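[1] starting from these lines, generate the structure:
(one chain, ligands or ions: 2)
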Amino acid sequence: MIEQSRVNVSISVLSTDFTELEHTLELIRLSGADSVHLDIMDGRFVPNISFGSSIAADIVRASGLPCCAHLMIEHPEEAFDAFVAAGVAELLFHVEATRFPFRALQLLNGFGIRKGVAVNPATQVESVFPLLGSVDTVLLMSVEPGFGGQSFLPGTLTKVRALRSAADRTGTPLRIAVDGGVDASNAAALRDAGADELVAGTAFFGAPDAPAFVRLLKGA
Ligand code: DX5
Ligand code: ZN
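    Residues are numbered from 1 along each chain as shown. Ligands and ions are numbered 1, 2, ... in the order given. Prediction:
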């Protein structure tokens with residue numbers, strides 16, 4: 001019997017060759033990954049520009065998988081409608097990018113999508129404890145946002161544990177996702193620390209056997 005893994009795997013297309021996007025999405029679909037991770041960057045919140053909601057809509061349409069929009073943009077509230085219209089299944093904005101995270105989360109109610117916040121490596125995880133109960137997901141960045149291919153920051157493991165125990169202490173349902181530098185060397189520790197979803201980009205595209213890589217991240 002194939003063991004059902006507790007951990008989801010989401011593949012970031014940031015580092016892919018966009019002239020090969022159709023092939024990339026098929027590779028992700030065939031790999032057994034659970035979703036596609038869309039890294040949206042505005043060149044202001046992070047020193048890089050990626051793509052917007054129209055390309056996100058193309059990827060949603062072509063991928064055949066649920067897509068998560070990771071908004072690394074200033075004033076994320078201004079982009080919510082466009083990415084909901086693009087058909088994403090989950091929308092995450094950075095808690096550092098708005099002064100009013102509760103108000104931003106309320107804007108996402110009623111669309112039938114999962115919602116949550118992303119947290120930079122230097123942001124204390126305790127800062128999102130008040131939001132537990134209002135979010136479906138907390139995405140813990142294990143690299144400084146803006147680029148793929150960076151090295152995993154090991155301090156993230158402590159943040160995963162702290163967040164998991166805070167949610168368990170209050171019986172609050174919470175998906176903990178980790179994003180940045182995730183690969184075969186840190187996946188088991190992240191699962192053991194309480195992560196529910198692992199986001200991978202560079203390590204996925206560098207893997208000689210994509211399905212085996214996904215199984216390894218899942219611990220299956
Ligand atoms: C970084 C992005 C991550 C990154 C993951 O700002 O949020 O999703 O693309 O890619 P790797 O796995 O290459 O770190
Ligand atoms: Zn991301």
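[2] how about the residues of this protein by ligand 2?
    39, 70, 179 (C-beta under 5 Å from the ion). The C-beta positions use only the backbone N, C-alpha and C, and glycine is treated the same way.
[3] residue 196 contacts residue 34, doesn't it?
    No. With contacts counted by C-beta atoms under 8 Å, residue 196 stays clear of residue 34, the gap being 10.6 Å.
[4] where do the contact lists of the two overlap?
    Common neighbours of residue 196 and residue 34, counting by C-beta atoms under 8 Å, 6 or more residues apart in numbering, are residue 8.
[5] related to what we said a few turns ago, in strands only, show me the residues of the chain next to ligand 2.
    Counting by DSSP state E, the part of the residues of the chain next to ligand 2 found in strands is 39, 70, 179.
[6] average model confidence for the biggest helix by length in the chain?
    Using DSSP state H, we find that the single longest helix of the chain is helix 156-169. With pLDDT averaged residue by residue, helix 156-169 scores 98.
[7] then stretch 174-190?
    Mean predicted confidence for stretch 174-190 is 98.
[8] just stretch 63-76 next, same as before
    For stretch 63-76, mean pLDDT is 98.
[9] likewise stretch 87-106?
    Mean predicted confidence for stretch 87-106 is 98.
[10] okay, buried residues for that stretch please.
    For stretch 87-106, burial by neighbour count (16 or more other C-beta atoms under 10 Å) applies to 87-88, 90-98, 101, 104-105.
[11] from those residues, pick the one nearest residue 14.
    Taking C-beta to C-beta as the measure, residue 14 sits nearest to residue 92 out of those, at 14.3 Å.
[12] does the closest one touch residue 68 like I think?
    Yes. Between residue 92 and residue 68 there is a contact at 6.6 Å, judged by C-beta under 8 Å.
[13] ok so, going back, tell me the one of the residues of the chain next to ligand 2 nearest residue 157?
    Nearest member of those to residue 157, counting by C-beta to C-beta, is residue 179, at 13.9 Å.
[14] what about that closest one, distance to residue 156?
    Computed as C-beta to C-beta, to the nearest Å, the residue 179 to residue 156 distance reads 9 Å.
[15] what touches both of those two?
    140-142.
[16] surely residue 118 is in a strand?
    Yes. Judged by DSSP: H, G, I helix; E, B strand; the rest coil, residue 118 forms part of a strand.
[17] quick check on residue 41: phi, psi?
    phi -130, psi 140 (degrees, to the nearest 10).
[18] chain neighbours aside, what residue packs nearest to it?
    For residue 41, ignoring the flanking residues on the chain, the nearest one in space by C-beta to C-beta, 6 or more residues apart in numbering is residue 50 at 4.2 Å.
[19] hey, what's whichever residue of the chain sits closest to ligand 2 bridged with?
    Distances between the chain and ligand 2 by C-beta to the ion are smallest at residue 70, namely 3.8 Å. Residue 70 has these beta-bridge partners by DSSP bridges: residue 39, residue 92.
[20] what count of nearby residues applies to it?
    28 (other C-beta atoms under 10 Å).
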